[in-house]
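Enquirer: compute the structure for the input listed below.
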Amino acid sequence: MDIRRSIRAVMYKLDINQSEMASRAEVSISTLSFLMNGKRMPSMESLERLAVVGDMTVGEFIAAGE
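Expert: Numbers count the residues shown, from 1 in each chain. Okay, the predicted model is just below:
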């Protein structure tokens, strides 16, 4: 499970930057930055919010990074 790749894949697919991704997922930019740099593991709530941005299930979101 590489959440960093999953986040980047969704951002690439939607052509959005980190600030826009954080806004759409309703997480702080610092939280998203920590997740993208592997300094923090996401909560289930964060995974769900990030998946919604990409119009995916959590499983699909995780698979997007593989």
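Enquirer: any idea how many residues pack against the nearest residue to Ser19 once chain neighbours are set aside?
Expert: Leaving aside its chain neighbours, Ser19 sits nearest to Ile29 (6.0 Å; criterion: CB to CB, 6 or more residues apart in numbering). Just so you know, the C-beta spots here come from the backbone N, C-alpha and C atoms, and that holds for glycine as well. By other CB atoms under 10 Å, the residues close to Ile29 number 12.
Enquirer: and the pLDDT at Ile29?
Expert: What the model reports as pLDDT for Ile29 is 96.
Enquirer: got it, and the one 5 residues further on?
Expert: Confidence at Phe34, expressed as pLDDT, is 96.
Enquirer: next one: the strand or helix carrying it to chain centre, how far?
Expert: According to DSSP states H and E, Phe34 maps onto helix 29-36. The chain centroid and the centroid of helix 29-36 are separated by 9 Å under CA atoms, centre = their mean, to the nearest Å.
Enquirer: strands of the protein, start to end?
Expert: Under the criterion DSSP state E, the chain carries no strands.
Enquirer: any idea how far the residue lying closest to Arg49 once chain neighbours are set aside lies from Leu14?
Expert: Among residues not flanking Arg49 along the chain, Ala25 sits closest, at 4.3 Å (CB to CB, 6+ apart). To Leu14, Ala25 is 11 Å away according to CB to CB, to the nearest Å.
Enquirer: about what we covered before: other residues contacting the helix holding Phe34?
Expert: 3-4, 7-8, 18-19, 21-22, 25, 40, 42, 46 (CB atoms under 8 Å, 6 or more residues apart in numbering).
Enquirer: at 6 Å what do you get?
Expert: With contact meaning CB atoms under 6 Å, 6 or more residues apart in numbering, helix 29-36 is reached by 3-4, 7, 18-19, 22, 40, 42.
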